[in-house]
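>>> Could you look at this predicted model? Sequence included:
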Amino acid sequence: MRFVEDGADIPDALIRSVSDGNATFLCGAGVSFRKQLPSFRTLTEQIYERLSESPEAEAAEGVALKREEFDRALRSLEKRTHRPRTPSLVREAVADLLAAPPGPFPDHLALLQLSRDREGRSRLLTTNFDTLFEKAAHAGGLRDTPSHAGVSIPRAGTDRDHGIMHLHGRIADLDLNLDRTDLVLTSSDFGDAYLRNGWAARYIEDRMRIGDLVLVGYGAEDAAMRLLLETLDADRGRFQDLGDIYALERSTQESASAWKAKGIKPIEFNDYDSIYKTLSEWARYAQDPDQYAREKVRSILYHSHPEASP
C-alpha cells in the first residue's frame with residue numbers, strides 16, 4: 001500500500017502486523033534529524049568541540065574516527081578527560097547537546113501512534129538518549145505512556161511491556177520529571193550491554209520472538225548500530241521463529257544490498273520527507289482504517305467531480 005504519491009509501497013504483511021499490534025518500531029537518531037538533533041558522527045564531533053579537545057591528541061582516537069568507530073573514540077576521550085570522583089565531561093556534554101528543542105514533534109508522535117501493542121498502548125523502542133518521544137507523547141494526549149531506560153526496560157511480552165523504551169539509556173528531562181540513566185555510549189558500554197553482560201542482546205532476541213521489528217532512523221552501515229545489527233543477523237540464522245525485520249530508510253546506491261545482507265527487508269524512499277509523510281498518513285490509517293478509507297474515497301470523488309462536492 002502506498003500512503004503518499006512520492007512514498008514507498010509498504011508491504012501488506014507489515015501493515016497487518018502493525019494493525020494487529022504485533023510490530024515494534026525501533027528508532028534511531030535519524031528520526032530527530034528534522035528537529036536538528038545530531039547523528040552519532042556529528043554528536044561525537046560536537047563533543048570534541050565542546051570539550052576543546054582534538055582527536056589528534058591521541059592517535060587511537062584519530063584512527064577510530066577515520067574508521068567511523070565513534071564509540072571507541074569516545075571511550076578513549078572519556079578516559080583521558082575524566083577525573084576521579086567527578087562527573088564524566090563526555091556524558092555531561094551529551095546531555096547538553098541533546099537537550100530537546102522546541103516542539104511540536106509530529107514525526108515522533110506518528111511513530112508512537114504506529115508502534116502499539118494489542119491493547120492499543122504505545123510500545124516503542126529507541127536507541128536515542130533524547131526525550132523527544134516523551135515530549136511528543138505528552139503533547140499528543142498520550143500522557144500515560146511510561147518511559148523506561150537501559151536495564152530497567154520491562155521484559156518483552158510481560159504485562160509491563162509498553163511505553164517508550166530507551167535501549168541505550170536516557171538523558172534527564174526536568175520538565176517531564178525524568179531522571180537521567182546510565183548511557184550505552186562508548187565501546188566499553190556497548191561491550192557490556194551486548195557481550196559481557198549481554199542484557200541488550202537478550203532483550204532484542206526476546207523482542208523478535210514475539211513480533212516484527214521496524215527500523216526507522218538508521219543507515220545500513222550505522223556505526224552506532226554495529227553490535228545490534230550483528231545480533232539481529234546472528235539470531236535470525238540460529239532461530240526460525242523470529243519475526244521479520246524491516247528498515248525504512250532513504251535509498252542510496254548500496255543501501256538495499258547492505259540491508260539484505262543483514263537479513264533485513266528494506267523499504268526505501270527517495271528522501272526523508274517522504275518517509276515521514278508516509279508515517280503520518282500510515283498512523284492516520286492505523287488509528288481507524290474504515291474512516292481513513294472513507295476520507296480517501298471522498299477526496300478522490302471531489303478531485304474527479306469538484307462541482308458535485310458540498
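Right, received. Where do you want to start?
>>> wouldn't Ala258 be in contact with Ala220 here?
Yes. Ala258 is within contact range of Ala220, at 3.5 Å (criterion: Cβ atoms under 8 Å). Bear in mind the C-beta positions are built from the backbone N, C-alpha and C, glycine included.
>>> More neighbours: which of the two?
Between Ala258 and Ala220, counted using other Cβ atoms under 10 Å, Ala220 has the larger neighbour count: 21 against 17.
>>> do you know how far the more buried one is from Glu5?
To Glu5, Ala220 is 26 Å away according to Cβ to Cβ, to the nearest Å.
>>> Let me see the ranges of the strands in the stretch 1-150 of the chain.
For the stretch 1-150 of the chain, strands defined by DSSP state E, counting those that start in this stretch occupy the ranges 23-27, 123-126, 147-149.
>>> List the strands paired with the last one, with their directions.
Each strand pairing with strand 147-149, determined using DSSP bridges, is listed with its direction: strand 163-166 (parallel).
>>> mean confidence score for stretch 234-247?
Per-residue pLDDT over stretch 234-247 has a mean of 79.
>>> I'd assumed Leu279 was in contact with Phe269.
No. With contact defined as Cβ under 8 Å, Phe269 does not count as touching Leu279 (10.3 Å).
>>> Now the common contact residues for those two.
Leu248 (Cβ atoms under 8 Å, 6 or more residues apart in numbering).
>>> Of the two, which one has the most company?
Leu279 (26 against 19).
>>> Need phi/psi at the more buried one.
Main-chain dihedrals, Leu279, degrees, to the nearest 10: phi -60, psi -40.
>>> can I get the strands of the stretch 1-150 of the chain in a markdown table with mean neighbour count, mean pLDDT and distance to Arg80?
As requested, the strands of the stretch 1-150 of the chain are arranged in a markdown table below (neighbours: other Cβ atoms under 10 Å; pLDDT from 0 to 100; distance: least, Cβ to Cβ, whole Å):
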| stretch | mean neighbour count | mean pLDDT | distance to Arg80 |
| --- | --- | --- | --- |
| strand 23-27 | 25 | 96 | 32 |
| strand 123-126 | 25 | 97 | 30 |
| strand 147-149 | 21 | 98 | 27 |
